[in-house]
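Engineer: Kindly generate the corresponding structure for this input.
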Amino acid sequence: MTSRNRAGLAIGAAFVLVFCLGMGQKELTKKANPLAPKARTASAPSEAPSQSGAHELTPQDVQAFLDGLMPQQLAREDVAGAVITIVKDGKPFFAQGYGYADVEKKIPVSPSGTLFRPGSVSKLFTWTAVMQLVEQGKIDLDRDVNDYLDYKIPATYQKPITMRDLMTHTPGFEEVLQLLFIDEPKDLIPLGDYMKQHLPERIYPPFTVPAYSNYGAAMAGYIVERVSGQKFDDYVDEHIFKPLDMNHATFRQPLPDNIKSMMSSGYTRGSAKPGKFEVVQAAPAGSLAATGEDMTHFMIAHLQDGKYENIQILKPETAQLMHSRTFENLPTMNAMCLGFYEETRNGHRIIGHAGDTGYFHSDLHLMLDQNLGFFVSYNSAGKGESSPRITLWHAFLDRYFPYQPPAAQTPSTAAQDADEISHRYISSRRAQTTVLKVITLLGETKIEKNSDGTISAAEFKDPNGKPKKFVEIGPMLFREVDGQDHLAFKRDYEGKWEGVIDYPFEVFQTPPLSENGGLDMPILLCSLIVFGLVILAWPIAAIIRKHYDRPLDITPGQRKLRRMLRIVAILDLLFLGAMAMYFSSAEQSLKLLDPKYNAVIRLIQCVGWLGMLGMIASCYYFIKSWGETRWWGSRLGASVATLACLGFAYWVFVWNLLHLSLKY
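Structural biologist: Below you'll find the model as predicted:
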């Protein structure tokens, strides 16, 4: 916290807390949950491609194109290295490493000799394992998953959670982050113990609201263990990696000795020091390590309906079922498949998955109609001013599959529709009942109507950093002006407006009034400004009185109230600042979101509870002092300060910062 004026401490505390706790929830929970794919909008599935001006897709042209693009991108974005592999028509088509796997040692990236951590792309292997067991009749997609578990998911809603719900990210779980990453491999606990200890609350009925869930994917991996009788690592080794000749791929942590030396270092920026090997507790959700070459084998198998060379890891009908639309928010928007999700662009139906760890950032795309697979992984986040992998993928599509969106007529109801959906939204993927609920504030999206009838949201920016404009092209369906991104709106299962993007694992919901940033943030900021003024007025007033030799002429009750208000202001700012610093550190290392650090959060909360007790005392002294003589001159100031205490208490309890449970 810094102070540039009398209100600086207060404003700084507010923004630091919300920013740090939010941890980049837009593109939703980007840093808060690095095993997540980025929430990005894409072209609607129903539009037809246009191939005019396409470059011929040959290995030579791709080589020239990427050799010109990638070195500049790595340098501009401060990324250490990347690997790109492409398959076409059942065969490897292109493989190239760019930059360094180890900057200090100048070890170049090799597509066959460098391991990357593709984060949530790992889930595709977990879902493939599930579907193998579905084929064998050992898992039923529509059976209550409690039948496969050795612990009980509470019946919060009448409909039970099924494997189909897990595979489409619709089990209804709230977001959980605790123990997603841990310090060392020796700290890993058995998968079953993790699942039982960190079961999240259910906040939606199953198969109604998409809310991306690492816990749900880990549960699927645990079910694979229980149904197959093999440890998850062993099952994937035997039934996926071995038949696909993925000889340098593993979910194991630490890495096996025979491939440990192949692991790329991970960086926040290419110019920074490398980080430690990241250990994922929810292993089936994101612990894979593999070479780019290994990933080509997996892409070929899925593009050929489960077949790689002479091995069939899935029956054709099973693979086709995995790739089919299973849960859709709207028919005009991309849908969840079974594990894969649609990410259609340039008029082609594309399925895939993205993935992030703290250091590695990856995408896997399958263009089914072109029998083409594209995998890219970067070993650094870079500057963060843009997304290198999105830029790369869009440039690739625009070069080889150029596209011009068809013209569309704006409905006559466009102005009315824009008015109706122009308000604040919160992500369906959120912590609702835990101490991390406050992340929702940073993830809030505000849809605004522009003077030209289009709509915009500050969170959706073009490459120049300006908010994109979306024009209505159908009933409550909006397309980016001069672009392909889409937004759509519908009524949810409760009848409230819901914003839909073309990445279908989350939606944006209308928040209740108590969780609306338009109300809650002004309450917080006003309270903190008053606290700052109360603290600053203390020494300033004393200096002025001393200068003019005027004693403080107030009653004992008024003196107690003044003293208590100052104590409360100091405690509340300390509480907020300490929370900000802790979760700011956790933003840099999710390993801090470990139960062994709960004592630190408890200590910070103790300061907050002292502030709440002080607030009660200050309210008592305020009421008691109301009728005292010589009070009129200070009554307004005391009233404002007391209201600030009450406003701050409201904000803290609405956003769970003093939540008694530290399971999050």
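
Engineer: Okay, now the unreliable bits of this protein?
Structural biologist: Applying pLDDT under 70 to the chain flags the ranges 1-52, 541-558, 625-635.

Engineer: Which parts of it belong to which domain?
Structural biologist: Here the domain parsing of the chain from automatic domain parsing is 8-21+515-654, 33-400, 414-511.

Engineer: Give me the distance between the two termini of the shortest one.
Structural biologist: Looking back up the chat, that one is domain 414-511. 24 Å (Cα to Cα, to the nearest Å).

Engineer: for stretch 209-216, same thing?
Structural biologist: 14 Å.

Engineer: Same list (the domains of the chain) but as a markdown table, adding mean neighbour count.
Structural biologist: To be clear about C-beta, it is placed using only N, CA and C from the backbone, and glycine gets the same treatment. Listed next are the domains of the chain as a markdown table, based on neighbours: other Cβ atoms under 10 Å:
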| stretch | mean neighbour count |
| --- | --- |
| domain 8-21+515-654 | 18 |
| domain 33-400 | 20 |
| domain 414-511 | 19 |
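
Engineer: Using a markdown table, lay out those together with distance to Y664.
Structural biologist: Formatted as a markdown table, those follow (distance: least, Cβ to Cβ, whole Å):
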| stretch | distance to Y664 |
| --- | --- |
| domain 8-21+515-654 | 7 |
| domain 33-400 | 5 |
| domain 414-511 | 4 |
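
Engineer: do you know which of the ones you listed lies nearest S661?
Structural biologist: The closest of these to S661 is domain 414-511. By Cβ to Cβ, the value is 6.9 Å.

Engineer: Could you grab the helix/strand/coil label for Y98?
Structural biologist: Recorded secondary structure, Y98: strand (DSSP: H, G, I helix; E, B strand; the rest coil).

Engineer: Give the closest residue to it in space, chain neighbours not counted.
Structural biologist: Closest residue to Y98 apart from its sequence neighbours, by Cβ to Cβ, 6 or more residues apart in numbering: M70 at 4.3 Å.

Engineer: Doesn't that neighbour belong to a strand?
Structural biologist: No: judged by three-state DSSP, M70 forms no part of a strand; its state is helix.

Engineer: can you tell me how far it sits from I107?
Structural biologist: Distance of M70 to I107, given as Cβ to Cβ, to the nearest Å: 17 Å.

Engineer: show me where the stretch 201-350 of the chain has helices.
Structural biologist: 214-228, 232-236, 292-303, 316-322 (DSSP state H, counting those that start in this stretch).

Engineer: Skip ahead from the helix or strand hosting K469 and say which helix or strand is next.
Structural biologist: Taking DSSP states H and E as the criterion, K469 maps to strand 467-474. Next helix or strand after strand 467-474 toward the C-terminus (DSSP H and E): strand 477-480.

Engineer: Nearest to K91, out of the helices of the stretch 201-350 of the chain?
Structural biologist: Closest among the helices of the stretch 201-350 of the chain, using Cβ to Cβ: helix 292-303, at 7.4 Å.

Engineer: now the closest one, how far from the centre of its chain.
Structural biologist: Remark: helix 292-303 is offset 26 Å from the chain centroid, using Cα atoms, centre = their mean, to the nearest Å.

Engineer: Output it as PDB, nothing but the C-alphas.
Structural biologist: Output of helix 292-303 as PDB, limited to C-alpha atoms (Å, rounded to 0.1, in the frame of the first residue of the first chain):
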ATOM      1  CA  GLY A 292       5.800 -32.400 -29.100                       C
ATOM      2  CA  GLU A 293       6.400 -35.600 -31.100                       C
ATOM      3  CA  ASP A 294       4.500 -37.700 -28.500                       C
ATOM      4  CA  MET A 295       1.500 -35.400 -28.900                       C
ATOM      5  CA  THR A 296       1.400 -36.000 -32.600                       C
ATOM      6  CA  HIS A 297       0.700 -39.700 -31.900                       C
ATOM      7  CA  PHE A 298      -2.300 -38.800 -29.700                       C
ATOM      8  CA  MET A 299      -3.600 -36.300 -32.300                       C
ATOM      9  CA  ILE A 300      -3.400 -38.900 -35.100                       C
ATOM     10  CA  ALA A 301      -5.300 -41.400 -33.000                       C
ATOM     11  CA  HIS A 302      -8.200 -39.100 -32.400                       C
ATOM     12  CA  LEU A 303      -8.300 -37.800 -36.000                       C
END
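
Engineer: how close does I601 sit to R491?
Structural biologist: 39 Å.

Engineer: before we move on, what about V224?
Structural biologist: Distance from V224 to R491, counting by Cβ to Cβ: 37 Å.

Engineer: With Q509 instead?
Structural biologist: 11 Å.

Engineer: now swap in G229 and tell me
Structural biologist: 46 Å.

Engineer: do the same with K273
Structural biologist: Distance from K273 to R491, by Cβ to Cβ: 50 Å.

Engineer: before we move on, what about M163?
Structural biologist: Taking Cβ to Cβ, one finds M163 at 28 Å from R491.

Engineer: can you check N464 too?
Structural biologist: Going from N464 to R491 by Cβ to Cβ gives 34 Å.

Engineer: Equivalent analysis for G292, please.
Structural biologist: 44 Å.

Engineer: Also E174?
Structural biologist: 22 Å.

Engineer: swap in T440?
Structural biologist: 21 Å.

Engineer: With N329 instead?
Structural biologist: Taking Cβ to Cβ, one finds N329 at 12 Å from R491.

Engineer: Between these two, which contacts overlap?
Structural biologist: When contacts are counted by Cβ atoms under 8 Å, 6 or more residues apart in numbering, the set common to N329 and R491 consists of E498.

Engineer: Would you agree D294 is in contact with N247?
Structural biologist: Yes: counting by Cβ atoms under 8 Å, D294 does reach N247; the two are 7.3 Å apart.

Engineer: If you drop the residues flanking it in sequence, what lies closest to I567?
Structural biologist: Nearest non-adjacent residue to I567 (Cβ to Cβ, 6+ apart): G614, at 5.3 Å.
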